[in-house]
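> Whatever this is, show me its structure:
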Amino acid sequence: MRSRRLFKIGLAIFFSAFCVSLSFANTASHLSFSRSDFVIFTEKGFDTVTLPRCLPSEKVGAPQLPVRGVSLIVPQDVRVTGVKVLSFKKAKLDGSYNVIPAQPVVPIGETAPWVEPDEEIYNSNNPFPGKLVELTGDGYMGGYHIVNLLVYPVEYIPAKKELYLYTEVSFEVQYQATLRDYVKPNRMSTENQKIYKRAVKNLVENPMDVEIYAPFIKATSGIKGKLDIKGSPSLEGSSVEYVIITNDEMASAFQQLADWKTKKGTPAVVKTISWIQVNYPNGCDLAETIRNFIRDAYQNWGTVWVLLGGDTDIIPTRYAHSDFVANYILTDLYFSDLDGNWNQNGDAEFGEAFVDNVDFYPEVFVGRAPVHNSVEASSFITKLVITQVIK
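Numbering: from 1, shown residues only. Just a heads-up that it's a prediction; the model follows:
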């Protein structure tokens, strides 16, 4: 009895220590940038600075410098509190540079008036951009928790026309343990779980941590015997990996595709808009109603792929707010990124940057067949099947 009591006490101490260590923890990363990769070309009196795997900064009128986007995987149930630079190495580049000012982002084929350099910045002796690593947000993909950062490897002192390159940068993401509200499947086939794992490993800078921080999801096997699908998504019966959403007119045409997918080993079903409206009546509009069903299918059927069987006059898309190329953009990512409701502040605009908490990571992979009737649907399905058979 005494040994068992001591074992329980030891176990309690271990888990208490583990929880304390996670309550205030961090994930570290290190990046290197080489002078040999540094490219500068001059045009119309301005110098454009580039580095591999970096994009140009977008603050209009300010010096346009390379920016590196970085993603790191961290534990699921933590709140990210900040980022801390641990160490760096910096080298001054020979020469004098008149760095080009960033210009407005416009759609392909369009132009915008030239924006002159911001005099307040360009006449300053303060280093620009004045930061080395910036935390921009976090999100979830298939239950994996991903943190997003920006690293600024080039520094510019405008008044002196001096450029510096950070050749080495070490930093850590800091976080605290807390329960997070995110969408995660309750079950999914082993093969499909591997799809998400590969995608995350290709995305983050610390792929060695993906196994450590992988979500626990009940693994299901493939089809065994007759497909047993309940009317609504649930944990009973067969899992449904592929969902097709269409109207009543085209349902029979798309059922042929669902049958073919199921026969090939990917359990598939067709659900009509009318059925979804009856069973999911609480959406603010038809797009949210459909999205609520997709979320339920992802969580309880383990759905991975969704086909929207109809053009936008049949299955609506989401008009999302944009600060860059137009006031609104049409996007089906709304049906793919299932965390939150894309309208956290409850106004009339969806997908507002830094307001509506959209993380832009997909839970399911969504495609659209832009068809209008059964004839077009049958033609689309025939071409799709032929293409996949040839592959």
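> Give me the phi and psi angles of residue 303.
phi -70, psi 140 (degrees, to the nearest 10).
> Apart from its chain neighbours, what residue comes closest to it?
residue 297 (4.1 Å; CB to CB, 6 or more residues apart in numbering). From N, CA and C alone the C-beta is placed, and that goes for glycine too.
> So the one you found sits against residue 241, correct?
No: with contact defined as CB atoms under 8 Å, residue 297 does not reach residue 241; the gap is 9.8 Å.
> so residue 334 sits in a helix?
Yes: counting by DSSP: H, G, I helix; E, B strand; the rest coil, residue 334 is part of a helix.
> Mind listing residues that contact stretch 330-345?
139-140, 182-183, 287-288, 290-291, 294-295, 298, 306, 308, 312, 317-320, 349-352, 355-366, 368 (CB atoms under 8 Å, 6 or more residues apart in numbering).
> my guess is the residue nearest to residue 303 is in a helix, correct?
Yes: the assignment for residue 297 is a helix, going by three-state DSSP.
> Could you report the neighbour count for it?
Using other CB atoms under 10 Å, residue 297 has 25 other residues around it.
> Quick check: the gap between it and residue 313.
24 Å (CB to CB, to the nearest Å).
> likewise residue 108?
26 Å.
> now residue 363
Distance, residue 363 to residue 313, using CB to CB: 26 Å.
> neighbour count winner among those two?
The neighbour comparison of residue 363 against residue 313 (other CB under 10 Å) goes to residue 363, with 26 against 8.
> Leaving out the residues flanking it, which one is nearest to the more buried one?
residue 338 (4.2 Å).
> Just say helix, strand or coil for that neighbour.
Applying three-state DSSP: residue 338 is coil.
> Counting neighbours, what do you get for it?
24.
> next one: phi and psi at it?
phi -100, psi 0.
> thought residue 352 was touching residue 322?
No: between residue 352 and residue 322 there is no contact, the gap being 9.1 Å when judged by CB under 8 Å.
> Show me which of the two is the more surrounded one.
Each of residue 352 and residue 322 has its neighbours counted (other CB under 10 Å); residue 352 has more, 18 against 15.
> Which per-residue confidence value corresponds to the more buried one?
At residue 352, the model reports a pLDDT of 85.
> Then residue 153?
98.
> Tally up the residues packed near it, please.
Around residue 153 there are 25 residues (other CB under 10 Å).
> distance of it from residue 378?
53 Å.
> same check, this time on residue 299
For residue 299, the distance to residue 378 - CB to CB - is 32 Å.
> These two: which is more packed in?
residue 299 (20 against 17).
> Report the contact partners of that one.
By CB under 8 Å, 6+ apart, the neighbours of residue 299 are 183-186, 233.
> Just the buried ones from those?
183-185, 233 (16 or more other CB atoms under 10 Å).
> hang on, residue 258 packs against residue 271?
No: checked against CB under 8 Å, the pair residue 258 and residue 271 is beyond contact range at 9.9 Å.
> Mutual contacts of the two, please.
With CB under 8 Å, 6+ apart, residue 258 and residue 271 have common neighbours residue 244.
> Quick check: closest non-adjacent residue to residue 76.
residue 145 (4.8 Å).
> wait, is the one you found part of a helix?
No: looking at residue 145 with three-state DSSP, it is strand, so not inside a helix.
> Just grab the bridge partners of it for me.
Under DSSP bridges, the beta-bridge partners of residue 145 are residue 74, residue 140.
> Do I have it right that it meets residue 75?
Yes: proximity of residue 145 to residue 75 meets the contact threshold set by CB under 8 Å, at 6.4 Å.
> Neighbour count for these two, which is higher?
Neighbour totals were compared for residue 145 and residue 75, and residue 145 leads with 23 against 16 (other CB under 10 Å).
> ok, that one to residue 315 distance?
31 Å.
> what ranges do the strands span in the stretch 151-300 of the chain?
154-157, 162-177, 187-189, 218-220, 242-246, 268-272 (DSSP state E, counting those that start in this stretch).
> now those strands as a markdown table including distance to residue 280 and mean neighbour count?
Shown next, in a markdown table, are these (distance: least, CB to CB, whole Å; neighbours: other CB atoms under 10 Å):
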| stretch | distance to residue 280 | mean neighbour count |
| --- | --- | --- |
| strand 154-157 | 50 | 21 |
| strand 162-177 | 34 | 19 |
| strand 187-189 | 20 | 21 |
| strand 218-220 | 24 | 15 |
| strand 242-246 | 11 | 25 |
| strand 268-272 | 10 | 22 |
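> Check those strands for me: which has the lowest mean pLDDT.
strand 218-220 has the lowest average pLDDT among the strands of the stretch 151-300 of the chain, namely a mean of 90.
> List of residues touching that strand?
186-190, 193, 239, 302.
> mind listing what the closest residue to residue 256 other than its chain neighbours touches?
Counting by CB to CB, 6+ apart, residue 256 lies nearest to residue 381, which is 6.0 Å off, once chain neighbours are set aside. Contacts of residue 381 were listed using CB under 8 Å, 6+ apart, and they are 253-254, 256-257.
> OK, contacts around residue 255?
Counted by CB under 8 Å, 6+ apart, residue 255 has contacts residue 270.
> One more: residue 216?
Counted by CB under 8 Å, 6+ apart, residue 216 has zero contacts.
> Could you report the separation of it from residue 183?
15 Å.
> Between residue 145 and residue 75, which contacts overlap?
With CB under 8 Å, 6+ apart, residue 145 and residue 75 have common neighbours residue 213.
> Below-threshold pLDDT in this protein: ranges please.
By pLDDT under 70, the low-scoring segments of the chain are 1-24, 222-226, 324-326, 391.
> What residues of stretch 29-45 count as buried?
29, 31, 33, 38.
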